[in-house]
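Asks: Coordinates only, no sequence provided:
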């Protein structure tokens with residue numbers, strides 16, 4: 001290298017460092033007012049021989065010690081709904097040091113905690129957990145072929161306005177369904193439409209919108225069982241099994257008599273076992289599809305129309321996958337002793 005292009009070791013290290021960070025050589029040339037061929041030669045020499053070493057600076061002094069980092073992470077773990085500002089205030093009260101919200105977030109990420117929305121699940125009592133665990137143990141030996149004979153059904157409500165769920169919690173990756181990361185909440189939507197549907201391997205029912213009024217046992221027979229479920233029973237044969245939940249209108253004597261007269265075998269279902277029912281995943285997917293439409297529904301008529309259209313568009317492979325997951329759902333429920341499962 002000629003003398004007029006000579007640069008000292010410190011400048012050489014800075015130039016190499018900038019290129020290492022991904023900066024374009026042209027930008028480095030303009031920043032250091034150096035010839036393009038000089039920077040290119042330095043970078044080529046560094047890649048081949050490693051002789052042009054980068055001089056690392058001391059960097060900014062960390063505002064917290066490792067022990068204080070552990071305290072910040074522990075504060076968030078003790079209360080998952082603690083905000084970054086509250087963590088900073090607790091740290092100030094404990095150590096007398098003021099730290100920024102960015103530092104709090106950085107330390108929490110370093111501890112494996114990320115801001116995520118809590119999963120909302122229905123409350124489970126000890127009796128609910130025991131009943132669900134017992135049911136799963138009874139069906140632990142069922143194979144995918146056994147579950148393929150089941151028509152899973154459910155009702156769900158869809159509202160014109162949904163909960164934005166902006167409240168976040170701090171949790172580690174892959175721990176969404178741990179008890180400390182779950183917010184139990186009864187679902188009581190308003191201004192909504194109730195729909196019913198059923199799914200099974202290689203098939204689904206039409207989405208039925210329940211009209212105004214209370215769903216009684218007789219309405220359940222006239223509007224759901226006879227026009228929808230009976231058709232699947234006739235097409236599938238004697239192995240057909242019908243699953244519905246424990247709603248009062250589903251468990252009347254008239255409904256049971258109707259099922260017996262039609263030769264429809266019913267799958268007993270434990271109370272408050274939404275996690276086990278694969279159709280719950282489809283309700284979530286359906287709600288996302290409706291919310292993502294270019295022209296979201298603005299009244300009940302457009303809402304039911306949008307729900308019907310998006311229900312028909314759901315790929316059958318998605319339906320098959322959630323039904324085939326029943327084997328894993330049962331195993332998870334047994335492992336978690338009847339608790340909420342990650343589905």
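Replies: Nice, I can see it. Just so it is clear, the structure is predicted and the values come from calculations on it, not from any experiment.
Asks: need the contact list for residue 336.
Replies: Contacts were defined as CB atoms under 8 Å, 6 or more residues apart in numbering; by that measure residue 336 touches residue 177. Heads up, the C-betas are built off the backbone N, CA and C, glycines and all.
Asks: do residue 269 as well
Replies: Shown in contact with residue 269 (CB under 8 Å, 6+ apart): 135, 243-246, 277.
Asks: cool, residue 128 as well?
Replies: Applying CB under 8 Å, 6+ apart to residue 128 gives the contacts 270-273, 338.
Asks: Out of those residues, which comes closest to residue 194?
Replies: Minimum distance to residue 194 across these is 18.4 Å, recorded for residue 272 (CB to CB).
Asks: host element of that closest one?
Replies: Taking DSSP states H and E as the definition, residue 272 sits outside all helices and strands.
Asks: In the protein, what helix or strand scores lowest on average pLDDT?
Replies: Taking mean pLDDT, DSSP states H and E as the measure, helix 9-20 is the helix or strand of the chain with the lowest mean score, a mean of 65.
Asks: which SSE is residue 170 in?
Replies: Secondary structure here is read from DSSP H and E; on that basis residue 170 sits in strand 169-171.
Asks: Need the contact partners of stretch 225-233.
Replies: The contact list for stretch 225-233, computed with CB under 8 Å, 6+ apart, reads 151, 153, 196, 198, 200, 203, 205-206, 208, 240, 242, 255, 258-259, 262-264.
Asks: In ChimeraX, select just the buried ones from those.
Replies: The following ChimeraX line selects those of the contacts of stretch 225-233 that are buried, judged by 16 or more other CB atoms under 10 Å:
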select :151,153,196,198,200,205,208,240,242,255,258,259,264
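Asks: Just give me the neighbour total for residue 199.
Replies: Each residue near residue 199 was counted by other CB atoms under 10 Å, and the total is 25.
Asks: Mark which of the contacts of stretch 225-233 are part of helices, please.
Replies: Judged by DSSP state H, the contacts of stretch 225-233 include 255, 258-259 as members of helices.
Asks: for these, which one is nearest residue 178?
Replies: Looking at the ones in helices among the contacts of stretch 225-233 and their distance to residue 178, the nearest is residue 255, at 38.0 Å (CB to CB).
Asks: one step back: quick one, which of the contacts of residue 128 are buried?
Replies: A residue is treated as buried here by neighbour count (16+ other CB under 10 Å); on that basis the buried members of the contacts of residue 128 are 270, 272-273, 338.
Asks: Dig out what the closest residue in space to residue 256 that isn't next to it in sequence forms beta bridges with.
Replies: Once its chain neighbours are removed from consideration, residue 256 has its nearest residue in residue 266; the separation is 7.8 Å (CB to CB, 6 or more residues apart in numbering). When bridges are called by DSSP bridges, residue 266 pairs up with residue 242.
Asks: distance between the ends of stretch 108-122?
Replies: Across its full length, stretch 108-122 reaches 29 Å between end residues, using CA to CA, to the nearest Å.
Asks: Fine, thanks again, bye for now.
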